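Engineer: turn this into a structure:
(one chain, ligands or ions: 2)
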Amino acid sequence: MSDAENIFPPTTDNLARAGEHICAGRLVAFPTETVYGLGADATDEEAVASIFAAKERPSFNPLIVHVPDMETARKLVEFTPAAEKLADAFWPGALTLVLPRKNDSGLSLLVSAGLDTVAIRLPNHPIATALLKQSGRPIAAPSANKSGQISPTQANHVAQSLGAKVDMILDGGPCEVGLESTVVDACGAQVGFLRPGGISIEELEGVVGKLIFPDDAPDAPKSPGMLTSHYAPNLAMRLNAKDIRQGDILLGFGPECTKATLNLSPSGNLNEAAANLFAMMRELDVKGYKCMAVSPIPNKGLGLAINDRLIRAAAPRS
Ligand code: TXA
Ligand code: MG
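Structural biologist: Numbering: from 1, shown residues only. Ligands and ions are numbered 1, 2, ... in the order given. Model (predicted):
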């Protein structure tokens, strides 16, 4: 645990204060079921700009707008038939829908980085919902870490990464999913897959049929946030490690992996592995080693999103 001065338990008083911070254009970090978000009023251009500043994030990268209910979502974006089905099946939850922005949405332009679409999500977390209702504003929130660093799944991770740049951090304990939301483009009849995350491709295809992948259609819309190097620890990374070499610290997976310093899931459960991923990567990112070796992770279900994050963490640093 951290003793940072800006971490607060989610009492009624603290939630009321957090809501006031949002309405005043200040930054509040809050838990969702996926990761902690760095929140600001999505209708306030300057507040949104301060998110980019705190994260030191490239400003072409649009943010996710969080809402407490469908009614609010409908005021901000146009729901297509596919979006209706997806929201019905997965909201509240770890799915973000990219949809046409309504002209009278009142949303900041910076929030969608100049695009005429908005990424929107109804999170499944009582503290997130309470903050959204308390402030009465849609809240723009990327993960609450400096750009390129590992996403925070605990309040003290936020304090370590952003320190006093955030006015208040609401502590909701560890995040249940532990990976960001899946992002899909639901503007057209066929849904486009933009970013792997907490809801798997199999689950999505069960509801809306075959998805379009960026590789299938070279001009399909891309998610500008998909920078190659991301989620990077300080140590070098070696993936699909089947042995331990000199200078390695091993992040394991599954029952066969007995020599790991930490194991993402000793029973081989991908949900448990996803929930542990970022916290364990932080814990192993220590001096005295050359490389973080990671056991092979099966590339199905949530394993796909875990591998996506690991490949980014291992990519050449720019
Ligand atoms: O779980 C999550 O999604 C967390 C929590 C806090 O909700 N948020 C999060 O936000 O990961 P962020 O800003 O780090 O990721 C937003 C992703 C980026 O990959 C961005 O490029 C994409 O969504 N995105 C946002 N708006 C878009 C748009 N209009 N079109 C296409 N992609 C968009
Ligand atoms: Mg992020």
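
Engineer: now the strands for the chain?
Structural biologist: Ranges of strands within the chain are 7-8, 28-31, 36-41, 64-66, 95-100, 117-121, 139-140, 168-170, 182-185, 192-195, 236-238, 248-252, 262-263, 291-294, based on DSSP state E.

Engineer: and the contacts of the first one?
Structural biologist: For strand 7-8, the external contacting residues (Cβ atoms under 8 Å, 6 or more residues apart in numbering) are 14, 17-18, 155-156, 158-159, 168-171. Quick note: C-beta positions are derived from backbone N, CA and C, even for glycine.

Engineer: before we move on, what about the second one?
Structural biologist: Applying Cβ under 8 Å, 6+ apart, the set of residues contacting strand 28-31 from outside is 18, 21-22, 36-40, 125, 127-128, 131, 139, 141, 144, 152, 155, 158, 162, 166-173, 175.

Engineer: average pLDDT across that strand?
Structural biologist: In this model, strand 28-31 has an average pLDDT of 98.

Engineer: can you tell me the centre-most residue of the chain?
Structural biologist: Nearest to the geometric centre of the chain sits E180, at 2.8 Å (Cα atoms, centre = their mean).

Engineer: now that one. Nearest residue, chain neighbours left out?
Structural biologist: Spatial nearest neighbour of E180, chain neighbours left out: G197 (4.8 Å); criterion: Cβ to Cβ, 6 or more residues apart in numbering.

Engineer: about what we covered before: tell me the confidence at the residue nearest to the centre of the chain?
Structural biologist: With respect to pLDDT, E180 scores 95.

Engineer: what do you get for A217?
Structural biologist: 65.

Engineer: also N124?
Structural biologist: At N124, the pLDDT recorded in the model is 98.

Engineer: now swap in P138 and tell me
Structural biologist: Note on P138: pLDDT of 98.

Engineer: repeat for the one 5 residues further on
Structural biologist: At S143, the pLDDT value in this model is 96.

Engineer: any idea how far it is from ligand 1?
Structural biologist: S143 is 5 Å from ligand 1, where distance means Cβ to the nearest ligand atom, to the nearest Å.

Engineer: as JSON lines, the strands of the chain with distance to ligand 1 and mean neighbour count would be great.
Structural biologist: Conversion of the strands of the chain to JSON lines gives the following (distance: least, Cβ to the nearest ligand atom, whole Å; neighbours: other Cβ atoms under 10 Å):
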{"stretch": "strand 7-8", "distance to ligand 1": "17", "mean neighbour count": "18"}
{"stretch": "strand 28-31", "distance to ligand 1": "8", "mean neighbour count": "30"}
{"stretch": "strand 36-41", "distance to ligand 1": "3", "mean neighbour count": "29"}
{"stretch": "strand 64-66", "distance to ligand 1": "4", "mean neighbour count": "27"}
{"stretch": "strand 95-100", "distance to ligand 1": "4", "mean neighbour count": "25"}
{"stretch": "strand 117-121", "distance to ligand 1": "3", "mean neighbour count": "25"}
{"stretch": "strand 139-140", "distance to ligand 1": "8", "mean neighbour count": "27"}
{"stretch": "strand 168-170", "distance to ligand 1": "13", "mean neighbour count": "24"}
{"stretch": "strand 182-185", "distance to ligand 1": "5", "mean neighbour count": "26"}
{"stretch": "strand 192-195", "distance to ligand 1": "5", "mean neighbour count": "21"}
{"stretch": "strand 236-238", "distance to ligand 1": "20", "mean neighbour count": "17"}
{"stretch": "strand 248-252", "distance to ligand 1": "22", "mean neighbour count": "22"}
{"stretch": "strand 262-263", "distance to ligand 1": "23", "mean neighbour count": "18"}
{"stretch": "strand 291-294", "distance to ligand 1": "21", "mean neighbour count": "24"}
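
Engineer: can you list the domains in this structure?
Structural biologist: With automatic domain parsing as the criterion, the domains of the chain are listed as 7-208, 236-314.

Engineer: can you give me the end-to-end distance of the last one?
Structural biologist: Using Cα to Cα, to the nearest Å, one end of domain 236-314 lies 7 Å from the other.

Engineer: returning to that earlier point: which of the domains of the chain sits most buried?
Structural biologist: Comparing the domains of the chain by mean neighbour count (mean count of other Cβ atoms under 10 Å), domain 7-208 comes out on top with a mean of 20.

Engineer: surely the residue nearest to E180 meets G178?
Structural biologist: No: applying Cβ atoms under 8 Å as the test, G197 and G178 come out as separate, 10.4 Å apart.

Engineer: tell me, what's touching the two both at once?
Structural biologist: Counting by Cβ under 8 Å, 6+ apart, the shared contacts of G197 and G178 are T34.

Engineer: what about the helices in the stretch 1-150 of the chain?
Structural biologist: Using DSSP state H, counting those that start in this stretch, the helices assigned to the stretch 1-150 of the chain run over residues 12-23, 45-55, 70-76, 81-90, 126-135.
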